[in-house]
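>>> Build the 3D model from these lines:
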Amino acid sequence: MALKEQLRADRVQAMKDRDETAKNALGMALTAIQRAETQGEAHTLDDIEVLAILKKEVASRKDSAEAYAAGNRQDLVDKELSQAECLARYLPAPLTESELDAIVAEEAEKLRGDIGADLTMRDMGALVRAVNCRAEGRAEGKAVAAKVRAQLG
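Residues are numbered from 1 along each chain as shown. Below is the predicted model:
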């Protein structure tokens, strides 16, 4: 079953279970997916594109929770975090520190072999792109950049 259909089925189940948090979180995610499908060249999104939207939705909920925390609105913080948690269940498990270190080391070695010389900070962009490609969205960009910077450091 495609991820989008899974989200729809889970939303229907959340409505049956009267789970307002899941119903609202999944409804907003499905709306974001539908909006993305109709913008620009209209096409049906594949699972990778749907995962990217879900990641944005989770990040948006976490950002909102931080803003509400600054405004001393704990009720809204709890609501946003529970919705983020609901959507995060559909994302692949994030890489551990050691897994990310291993990917960075492997990609650095590959790039070093391609260049035929030691890597410098000018090679950071190429290395970050290679690691992000291997990580397949399972690592945050900041973490990847920090690990690459440390590797090149």
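>>> Point out where the protein drops to low pLDDT.
Along the chain, segments meeting pLDDT under 70 span 1, 116.
>>> Can you name the residues in contact with stretch 142-153?
Identification of contacts with stretch 142-153 by C-beta atoms under 8 Å, 6 or more residues apart in numbering yields 100-101, 104-105, 108, 119-121, 123-124, 127-128, 131-132, 135. To be clear about C-beta, it is placed using only N, CA and C from the backbone, and glycine gets the same treatment.
>>> Need the single longest helix in this structure, by residues.
If you go by DSSP state H, the chain has its longest helix at helix 47-70.
>>> need the contact list for the residue nearest to the spatial centre of the chain.
Nearest residue to the geometric centre of the chain (C-alpha atoms, centre = their mean): residue 55, 3.4 Å. Counting by C-beta under 8 Å, 6+ apart, residue 55 makes contact with 91, 137.
>>> Now for residue 138: which residues touch it?
Contact analysis of residue 138 by C-beta under 8 Å, 6+ apart lists 92-95.
>>> hang on, the earlier thing: among the contacts of stretch 142-153, name the buried ones.
With burial judged by 16 or more other C-beta atoms under 10 Å, the buried subset of those is 100, 104, 108, 119, 123, 127-128, 131-132, 135.
>>> In helices, which of those residues fall?
Cross-referencing the buried ones among the contacts of stretch 142-153 against helices under DSSP H gives 100, 104, 108, 127-128, 131-132, 135.
>>> With that, I have no additional questions.
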